[in-house]
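Novice: I need the structure of the sequence given here:
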Amino acid sequence: MKPSTTFDKERVSFNVARLKKEGTNFEIVITPEKAVSYKEGNDIPIEEIVHSQKIFFDAHKGLLASEERLKSVFSTDEPLQVAKKILEEGEIQLTAEIRSKVREEKKRQLINLIHRNAADPKTGLPHPVQRIELAFEEAKVRVDEYKKADEQVQDVIKTLRPILPINFEKKKLQVLLPAEFAGKAYSTIKNLAEITKDNWLADGSWQGNLELPAGLQSELIDKLNSMTHGNVEIKNIE
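Specialist: Modelled structure (predicted):
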């Protein structure tokens with residue numbers, strides 16, 4: 001068996017993905033934001049995530065994994081194939097600086113998600129972003145940097161509700177657009193709402209039913225009124 005070799009490197013902090021398999025640690029040096037995004041299910045080429053096509057027993061010590069051990073555990077010593085397994089089955093180890101950065105970005109995603117999809121049950125209007133930010137601080141919301149925002153938003157809302165009344169529901173509307181505005185306004189509707197009934201009329205006008213987050217209702221109505229100069233019919237339906 002060939003002896004493990006070392007990899008000369010600068011003594012700097014870096015981020016790794018680690019997998020313990022068959023009693024052995026395997027590590028790769030990663031670009032952290034891309035690795036987290038990949039773990040969330042986004043399609044990112046492995047070669048864009050790893051810093052080099054090297055597999056380590058211990059990346060911080062520069063101890064490279066032997067070809068024999070890679071073949072024994074992974075049935076291949078091809079670095080990108082092994083790296084893919086490490087990313088999919090292992091854990092991402094982030095430096096404190098990067099962990100804080102990723103967590104802050106995930107917090108921003110959660111705040112935006114709540115702002116766009118939830119509403120104040122008293123007014124039916126979305127909570128301002130600044131109010132949500134203050135509620136996060138007051139409730140001491142813990143953001144999981146490794147989970148998608150939409151996977152943890154319900155838990156976050158439970159934490160916020162004693163401080164910030166939130167109605168996370170869908171609204172149903174019926175819309176009638178005059179022919180001269182229908183084409184352009186239809187695209188706006190598709191971007192903000194799910195169209196559940198789609199009906200183009202003989203005169204070129206459009207009538208349809210929509211379902212959208214409560215927090216987006218006011219935005220959609222304002223946009224449609226602006227685009228049609230008020231020549232739009234909008235009804236709430238249940």
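Novice: For this structure, which segments count as strands?
Specialist: 15-21, 24-30, 56-58, 63-64, 91-93, 170-177, 194-200, 206-213, 233-236 (DSSP state E).
Novice: now, of those strands, which is deepest in the fold?
Specialist: Most buried of these, by mean neighbour count (mean count of other C-beta atoms under 10 Å): strand 24-30, with a mean of 22. (C-beta placed from N, C-alpha, C; glycine too.)
Novice: Kindly state the beta-bridge partners for the closest residue to Q93 other than its chain neighbours.
Specialist: Using C-beta to C-beta, 6 or more residues apart in numbering and skipping the chain neighbours, the partner closest in space to Q93 is V16 (4.9 Å). For V16, the beta-bridge assignment (DSSP bridges) gives partners V29, Q93.
Novice: Next one, pLDDT for V16 please.
Specialist: Predicted confidence (pLDDT) for V16: 94.
Novice: re the thing from before, the strands of the chain: which one's closest to L160?
Specialist: strand 206-213 (16.2 Å; C-beta to C-beta).
Novice: what's the angle between that closest one and strand 194-200?
Specialist: Orientation of strand 206-213 against strand 194-200 (axes from the mean of the first three to the mean of the last three C-alpha atoms, to 10 degrees) gives an angle of 180 degrees.
Novice: Neighbouring strands - and their directions - for strand 206-213?
Specialist: strand 170-177 (antiparallel), strand 194-200 (antiparallel).
Novice: Throw the ones you listed into CSV and include distance to D58, thanks.
Specialist: Compiled in CSV, these are given as follows (distance: least, C-beta to C-beta, whole Å):
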stretch, distance to D58
strand 170-177, 50
strand 194-200, 50
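Novice: is it possible to export these to CSV including distance to E89 and mean pLDDT?
Specialist: Converted to CSV, these look like this (distance: least, C-beta to C-beta, whole Å; pLDDT from 0 to 100):
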stretch, distance to E89, mean pLDDT
strand 170-177, 37, 92
strand 194-200, 35, 94
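Novice: Tell me which of those strands lies nearest to I221.
Specialist: Nearest of the strands paired with strand 206-213 (C-beta to C-beta): strand 170-177, 8.2 Å.
Novice: roughly how far out does the closest one sit from the chain middle?
Specialist: Put simply, strand 170-177 sits 27 Å off its chain's centre (C-alpha atoms, centre = their mean, to the nearest Å).
Novice: now what about that strand, what contacts it?
Specialist: Contacts to strand 170-177, defined as C-beta atoms under 8 Å, 6 or more residues apart in numbering, come from residues 185-186, 189, 193, 196, 205-214, 217, 220, 224, 228, 232-238.
Novice: got the contact list for the longest helix anywhere in the chain?
Specialist: Across the chain, the longest stretch assigned as helix under DSSP state H is helix 96-117. Here helix 96-117 makes contact (C-beta under 8 Å, 6+ apart) with 13, 15, 32-33, 36, 94, 126-129, 132-133, 136, 141, 143-145, 147, 149-150, 152-153, 156-157, 160, 166, 168, 213-216.
Novice: buried subset of those residues?
Specialist: 15, 32-33, 36, 94, 126-127, 132, 136, 141, 143, 145, 149, 152-153, 156-157, 160, 166, 168, 213-216 (16 or more other C-beta atoms under 10 Å).
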